[in-house]
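Peer 1: heads up, no residue letters with this:
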């Protein structure tokens, strides 16, 4: 099994890859990181707005999950488990630091020019024409700014629902919240985004 | 305007419309209520903008840094599988020897259970011989001690409790002192002993 190619891993479900990880296969651990590093980093980054900090929290998430891989219960989705831990890490951090406002010009902790550049949001889609790209960048920047002004609980719900496209039930499981609460949070978050975007447009 | 038109869209109906699920009541209401229609259009814009947001890549080397901090557990099964051929042969020999020994003992017990009279006749002389030898040894040790020159003094001392008590106390003190001394000799040196 150690001779598995990346293509072999891609054909396996998360549960199967976890089974190989439990048996001690390094490449199964790497496959789980490969599958989830982007969505987990994106979620945490959108929550904390600081690349360096987001990397630390994302690393903590993976280390916590992979070191406890033998306690994973296959009746639950692996994605729910890892997103739950990532979200808790981000929310805990925000509660401790009250770091829930965004500067699109970079992290409030960035002190040098390099640090500011490294923490500045990068938004864009290379497939579009230049004009569309500018409009998309503007709208993307506006929506990112609007997300950052939401309460952390609303923020994670709206990202999981409309950026990651996860169903309500899975979000409720991930966040340990009742389904009705998740729906309410998302509804309120959309209302606030609508108002924030309308205000931005008026300006 | 009909009665149901006065009820604005519920959150669930709004979700349904955003997910592309059309509900008759919601659609008919949208035809008459400009407020709800505006809200749906704005929500749709918000949702489209959210879906278009890009994912962010973690910094280069992220996976390596995670792997560096993960303790990969090697299961016991794998440890057994990687045993060398020599180790496996040695384990096999020990297992066979244990099997033969336990089989022989079990067969002996089974035979004894099936033939109790013969088993008793065979074992009785042997047990008698062992008992006699043990008793003779004890007698020899006792006779040897009684012939020693110090035996009379010890016997006289222990015969009276008033004399025996100090003797026992002295002996116990010597024993305790010897134990403490031995323990100190065997103790590891302290870290700051300067050795």
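Peer 2: That came through fine. Remember, predicted model here, so these are calculated numbers, not experimental data. Residues are numbered from 1 along each chain as shown, chains lettered A, B, ... in the order given.

Peer 1: so what's residue A:12 scoring on pLDDT?
Peer 2: In this prediction, residue A:12 carries a pLDDT score of 91.

Peer 1: Name all residues that make contact with it.
Peer 2: Going by Cβ atoms under 8 Å, 6 or more residues apart in numbering or on different chains, residue A:12 touches A:20, A:31. Every residue, glycine included, has its C-beta placed from N, CA and C.

Peer 1: what kind of secondary structure is it in?
Peer 2: In the three-state summary, residue A:12 is assigned as coil, counting by DSSP: H, G, I helix; E, B strand; the rest coil.

Peer 1: now the helices for chain A?
Peer 2: Applying DSSP state H to chain A gives helices spanning A:6-10, A:14-22, A:26-48, A:51-67, A:78-97, A:113-119, A:130-148, A:152-158, A:168-175, A:179-202.

Peer 1: Single out the most deeply packed of those.
Peer 2: Each of the helices of chain A was scored by mean neighbour count; the highest is helix A:152-158, a mean of 24, by mean count of other Cβ atoms under 10 Å in any protein chain shown.

Peer 1: out of the helices of chain A, which comes closest to residue B:73?
Peer 2: Of all the helices of chain A, helix A:14-22 sits nearest to residue B:73, with 7.7 Å by Cβ to Cβ.

Peer 1: residues from chain B in reach of chain A?
Peer 2: By the rule Cβ under 8 Å from any Cβ of the partner chain, the part of chain B lying against chain A is B:11-12, B:14-15, B:39, B:42-43, B:45-47, B:49-59, B:62-63, B:65-67, B:69-75, B:78.

Peer 1: and those, which are buried?
Peer 2: B:14-15, B:39, B:42-43, B:45-47, B:49-50, B:53, B:56, B:58, B:62-63, B:65-67, B:70 (16 or more other Cβ atoms under 10 Å in any protein chain shown).

Peer 1: can you count the residues close to residue A:151?
Peer 2: A total of 14 residues lie near residue A:151 under the criterion other Cβ atoms under 10 Å in any protein chain shown.

Peer 1: repeat for residue A:71
Peer 2: By other Cβ under 10 Å, the residues close to residue A:71 number 9.

Peer 1: From chain B, how far out is it?
Peer 2: Distance of residue A:71 to chain B, computed by Cβ to the nearest Cβ, to the nearest Å: 11 Å.

Peer 1: next one: residue A:55
Peer 2: To chain B, residue A:55 is 6 Å away according to Cβ to the nearest Cβ.

Peer 1: Touching, that residue and residue A:41? I think so.
Peer 2: Yes: counting by Cβ atoms under 8 Å, residue A:41 is a contact partner of residue A:55 at 7.2 Å.

Peer 1: Who are the contact partners of the closest residue to residue A:37 other than its chain neighbours?
Peer 2: Closest residue in space to residue A:37, ignoring its immediate chain neighbours: residue B:58 at 5.2 Å, by Cβ to Cβ, 6 or more residues apart in numbering or on different chains. Residue B:58 makes contacts with A:37-38, A:41, A:54-55, A:58, as judged by Cβ under 8 Å, 6+ apart.

Peer 1: one more time with 7 Å, if that's ok
Peer 2: A:37, A:41, A:55, A:58 (Cβ atoms under 7 Å, 6 or more residues apart in numbering or on different chains).

Peer 1: Just the closest of these to residue A:16, please.
Peer 2: For these, the nearest to residue A:16 is residue A:37 (19.1 Å; Cβ to Cβ).

Peer 1: so residue B:21, which of the three states?
Peer 2: Three-state call for residue B:21 (three-state DSSP): coil.

Peer 1: Any figure for the gap between it and residue B:122?
Peer 2: 91 Å (Cβ to Cβ, to the nearest Å).

Peer 1: Just checking, which helix or strand of chain B averages the lowest pLDDT?
Peer 2: Ranked by mean pLDDT, DSSP states H and E, the weakest helix or strand in chain B is helix B:76-81, scoring a mean of 54.

Peer 1: Any idea how far apart the tips of stretch A:165-180 sit?
Peer 2: The straight-line separation of the ends of stretch A:165-180 (Cα to Cα, to the nearest Å) is 18 Å.

Peer 1: Residues touching it, excluding its own?
Peer 2: Outside stretch A:165-180, the residues touching it (Cβ under 7 Å, 6+ apart) are A:77, A:80, A:83-84, A:87, A:156-157, A:160-161, A:182-183.

Peer 1: Now do it, average pLDDT.
Peer 2: Taken as a whole, stretch A:165-180 carries a mean pLDDT of 92.

Peer 1: Could you do stretch A:73-82 as well?
Peer 2: Here the average pLDDT along stretch A:73-82 is 90.
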